[in-house]
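J.: compute the structure for the input listed below.
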Amino acid sequence: EGQSFLRANYAIRCGGPTYVAWRAFAIVMIGIWVVGYVLVFASLTRIRTPVVFFYLVWRHRRAILGNRGRLLDPKLHGTKLLWLPYRRNLWYWEAVEASRKILLSFPVQLFKPGSILQPAYSLVVSLLFLKASERCKPFEHPADNFLNEALMWLLYVQFFAYLLLAAELDSKFLIDLVLS
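T.: Just a heads-up that it's a prediction; the model follows:
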């Protein structure tokens with residue numbers, strides 16, 4: 001009545017001063033892990049987070065949007081890889097791409113492993129970014145847009161296949177579905 005027990009071992013009750021102390025410790029460590037993860041990720045990958053990407057190009061957006069000498073401007077030299085492949089009005093698109101990668105890799109781990117929620121979440125996120133990319137055509141060159149769209153469709157199909165496998169559908173049904 002009103003008691004909590006550890007799911008892995010129902011002989012262990014979740015309550016009392018020891019439980020409260022460990023719970024507080026866990027909450028603090030989650031906070032440290034989240035902040036530490038961002039700091040370590042940023043330092044190991046030379047600051048590859050969407051917010052930092054966006055800030056780096058946002059502070060120079062006028063020069064990036066300008067027509068004269070933007071490729072030779074020394075203050076833009078360090079950020080060229082973040083905006084050069086994209087159309088001028090989409091100078092921020094590298095931050096969008098970094099967001100897509102993070103949204104497809106980290107939050108999916110919050111769902112129970114092997115559950116249908118993992119592929120369903122990945123499918124929805126990949127479809128949203130696929131549609132955004134199709135609509136915006138972010139790259140300067142049409143061939144880059146075509147390649148980006150083809151690879152995003154490939155990712156979508158992969159997540160769809162994963163969803164079908166996670167749903168544990170009958171293999172005969174899957175073969176009929178693919179062939180029809």
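
J.: so, low pLDDT: which residues of this structure?
T.: 1, 37-49, 67-69, 169-180 (pLDDT under 70).

J.: mind listing what the strand ranked longest in the chain pairs with, with the direction of each?
T.: Ranked by residue count under DSSP state E, the longest strand found in the chain is strand 9-13. The pairing partners recorded for strand 9-13 under DSSP bridges are strand 5-6 (antiparallel).

J.: still on that earlier bit, quick one: contacts of the longest strand of the chain?
T.: 3-6, 19 (Cβ atoms under 8 Å, 6 or more residues apart in numbering). Heads up, the C-betas are built off the backbone N, CA and C, glycines and all.

J.: want to throw these into JSON lines with distance to Leu71 and neighbour count?
T.: Conversion of those to JSON lines gives the following (distance: Cβ to Cβ, whole Å; neighbours: other Cβ atoms under 10 Å):
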{"residue": "Gln3", "distance to Leu71": "68", "neighbour count": "7"}
{"residue": "Ser4", "distance to Leu71": "62", "neighbour count": "10"}
{"residue": "Phe5", "distance to Leu71": "64", "neighbour count": "12"}
{"residue": "Leu6", "distance to Leu71": "61", "neighbour count": "11"}
{"residue": "Tyr19", "distance to Leu71": "61", "neighbour count": "14"}
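
J.: now, among those residues, which is nearest to Lys101?
T.: The nearest member of the contacts of strand 9-13 to Lys101, counting by Cβ to Cβ, is Leu6 at 35.3 Å.
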